[in-house]
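**Q** Structure of the sequence below:
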Amino acid sequence: MNNLYLIVRIGDRAAALPAAEVGSVVEVDEIAPVPRAPAHVAGLFALRSRVLTVIDTRISLGVAPADPGKVLNAVIVGNEGHSYALLVDHVDDVIEAGSPEASPAVLDPIWEDASLGVIQHGDAVVLVLDPGFLIAGRLSRAA
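**A** Residues are numbered from 1 along each chain as shown. All right, here's what the predicted structure looks like:
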């Protein structure tokens, strides 16, 4: 059975998110900071009269933060009854692929924990990320 995936870029890596978990994709212009929030929580963002928690996927995955002032895209996902905006550097395309398979390569431990497996996209193998892991943040996995 084929599934749909949203291909995104986080840092210099292509990754995929299950399209069934994606509500929309938007550009994020203003993020209100939240004092004392975990590092991967970039702040809050208003979208269509809703306030969303903004997750910096780079920090969740241990990648250097994006340049300040850079316009980022956010993938809106739901998790446990709440909506979140996952910041990504670029949104590529929606593709159809089979179910994720185990990764044939040894991955950085954080990316391994975030992985649901890999899919084939053209000539490339793309990691499918777990939105729940990104929302929880990598530091929660250390506890």
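**Q** can we go C-alpha only for contacts and neighbour counts from here?
**A** OK.
**Q** Now N73: phi and psi?
**A** phi -100, psi 150 (degrees, to the nearest 10).
**Q** Next one: the closest residue to it other than its chain neighbours from A74, what distance?
**A** Counting by CA to CA, 6 or more residues apart in numbering, N73 lies nearest to E27, which is 4.5 Å off, once chain neighbours are set aside. For E27, the distance to A74 (CA to CA, to the nearest Å) stands at 6 Å.
**Q** Compare neighbour counts for these two and give me the winner.
**A** Using other CA atoms under 10 Å as the criterion, E27 and A74 rank with A74 on top: 23 against 13.
**Q** wait, doesn't the more buried one sit right on S83?
**A** No: look at A74 against S83 with CA atoms under 8 Å: they stay out of range, at 11.7 Å.
**Q** Helices of the chain, residue ranges please.
**A** 57-60, 109-114, 131-136, 139-142 (DSSP state H).
**Q** Now tabulate those helices in JSON lines and tack on mean pLDDT and mean neighbour count.
**A** What follows is these, written out as JSON lines (pLDDT from 0 to 100; neighbours: other CA atoms under 10 Å):
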{"stretch": "helix 57-60", "mean pLDDT": "93", "mean neighbour count": "22"}
{"stretch": "helix 109-114", "mean pLDDT": "84", "mean neighbour count": "16"}
{"stretch": "helix 131-136", "mean pLDDT": "93", "mean neighbour count": "19"}
{"stretch": "helix 139-142", "mean pLDDT": "50", "mean neighbour count": "10"}
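**Q** Right, I'll call it a day here.
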